[in-house]
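# need a 3D model of the following:
(one chain, ligands or ions: 1)
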Amino acid sequence: MGIICVTVTGFPVIKITYMPHYYSLGKIPKKRHIQFRKDDGTLYAEQLVSTEGFSDLYSNTYHNFPPTAIKNIGKEWSVKPDIAVDNNMQHRSFQGFQAPKTEDYLESRIPVLVNNDCYISLAAPTKSMTTYFFKNTMATEMIFVHEGSGVLHTMYGELPFRQGDHLIIPMSTTYQLEFADENNRLFIVESFSHMRFPKRYTNDQGQLLEHSPFCERDIRKPERLNPKDEKGDFKILIKKNDYIFPYTYANHPFDVVGWDGYLYPYAFSIYDFEPITGRIHQPPPVHQTWEARNFVTCAFVPRLYDYHPQAIPAPYNHANVESDEVLYYVEGDFMSRKHVERGMITLHPIGIPHGPHPGAVEKSIGKLETKEYAVMVDTFKPLHITRQALEFEDKDYYKSWID
Ligand SMILES: [Fe+2]
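Got it, this is the predicted structure:
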């Protein structure tokens, strides 16, 4: 399909946006909401995908067939997290790589820490999604690819992914994950609000500023449209409020011949995050990647340590006031902690200070750099712990600060 360049005209955008910018793939008509016909003279079906009703980011998509042709709705089933610890007041550690490998993608997703703003899950799917599509109507999903590679398929096109990528899938985006092989480890955050770049890193037009640790060139957008022209039975498993509703549609969901707008899935690699460093220890917000309602995410990457002659590279003890702190360990050595393994999750909850393990502060002095990679989720409301998470918990972790 050829690409038609569309000039954006009219009044400047005055609403502040913190998302990737205008993008277009495939063929689109010269204006919105006008006749757009196929070679046989019939009309393409236009769909507006807009957020906050008609008030925030949106894209316009053009389908071979209407996206509304429902054939059947099956009986829904619950995927509600099974909460074992509602009111957590203990430092916790979980061996995330003990999450079992499971063929099916949706079955592989194990919620571990949840609250009303986000669900944090682990998944180790071994098979690509081939028999169904998935849509999460209430959550934008951030899928951090710890291990694995493949292609994220949506109606917006194909988005290849690889180890280290964060995939951001806006809420209500139907998708399929195609994996290159069976070795996949995913750390997933379901955000019940839109995930945006930190406001302080953008100007009023939404462009990433010079001091941001990443810029638009680091954001990988869907690359290629492969519009389907198929009718049949297409199963879309639609998640809404902890239930999966199995829908069967008459038209292939990825039948878009062109689209444009600001709303689409994208990828950002942890390997493209440029760390911010200083003469003395920099606070966690310098590692921030996204913000959402009542939580933020961060990426810790290899970086040079602080260069004040008396600097202490290890972090200071800190009181968790209004923040449950979740760290997912990806790669490398962690100078502040003992016994760190890949895929480990720590939870340091609101109300209990935490800090470097014994000996870590002295040991860090004079060190020049760290090779660590980690993803952090800080929630401003307490997280609940699921029954499955307790199955791979290190039960004595809370005592690990004793010499
Ligand atoms: Fe911390």
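# stretch 165-174 - what's its average pLDDT?
For stretch 165-174, the mean per-residue pLDDT is 98.
# which other residues reach it?
Outside of stretch 165-174, the residues within contact range by CB atoms under 8 Å, 6 or more residues apart in numbering are 49, 51, 133-145, 152, 154-156, 159, 161, 175, 194-195, 220, 236, 253-254, 263-270, 289-290, 299, 375. In this view, the C-beta of every residue, glycine as well, is placed from N, C-alpha and C.
# put the buried members of those residues into a ChimeraX selection.
For the buried members of the contacts of stretch 165-174, the matching ChimeraX selection, counting by 16 or more other CB atoms under 10 Å, is:
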select :49,51,133,134,135,136,139,140,141,142,143,144,145,152,154,155,156,159,161,175,194,195,220,236,253,254,263,264,265,266,267,268,269,270,289,290,299,375
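# show me the contacts of stretch 165-174 that map onto strands.
49, 133-136, 140-145, 152, 154, 159, 161, 175, 220, 236, 266-269, 289-290, 299, 375 (DSSP state E).
# ok, which stretches of the stretch 301-403 of the chain are strands?
In the stretch 301-403 of the chain, the strands defined using DSSP state E, counting those that start in this stretch lie at 303-304, 324-331, 344-348, 369-370, 373-379, 384-386.
# which strand residues bridge residue 95?
As for beta bridges, residue 95 partners with residue 344 under DSSP bridges.
# and residue 197, how far is that from residue 168?
As defined by CB to CB, to the nearest Å, residue 197 lies at a distance of 10 Å from residue 168.
# so for these two, which sits in the more crowded spot?
A direct count of neighbours by other CB atoms under 10 Å for residue 197 and residue 168 places residue 168 higher, at 25 against 21.
# contacts only, for the spatially most central residue of the chain.
Centroid-nearest residue in the chain: residue 142, 1.1 Å away (criterion: CA atoms, centre = their mean). Each residue near residue 142 by CB under 8 Å, 6+ apart is listed here: 166, 167, 168, 169, 188, 189, 191, 195, 290, 297.
# looking at these, which is nearest residue 259?
Closest approach between these and residue 259, by CB to CB: residue 169, at 15.4 Å.
# separation between the closest one and residue 264?
Residue 169 is 9 Å from residue 264, where distance means CB to CB.
# so what sits against both of those two?
Common neighbours of residue 169 and residue 264 (CB under 8 Å, 6+ apart) are residue 154.
# quick one: low-confidence parts of the chain?
For the chain, the stretches with pLDDT under 70 are 1-20, 335-338.
# could you pull out the helices for it?
105-108, 360-364, 387-391 (DSSP state H).
# and of those helices, who's closest to residue 403?
Short answer: helix 360-364, nearest of the helices of the chain by CB to CB, at 11.7 Å.
# buried residues in stretch 89-96?
91, 92, 93, 94, 96.
# what separates stretch 55-70 from the chain centre, distance-wise?
Here stretch 55-70 is found 23 Å from its chain centre; the criterion is CA atoms, centre = their mean, to the nearest Å.
# right, I mislabeled it, should have said stretch 351-358
That offset, for stretch 351-358, works out to 28 Å (CA atoms, centre = their mean).
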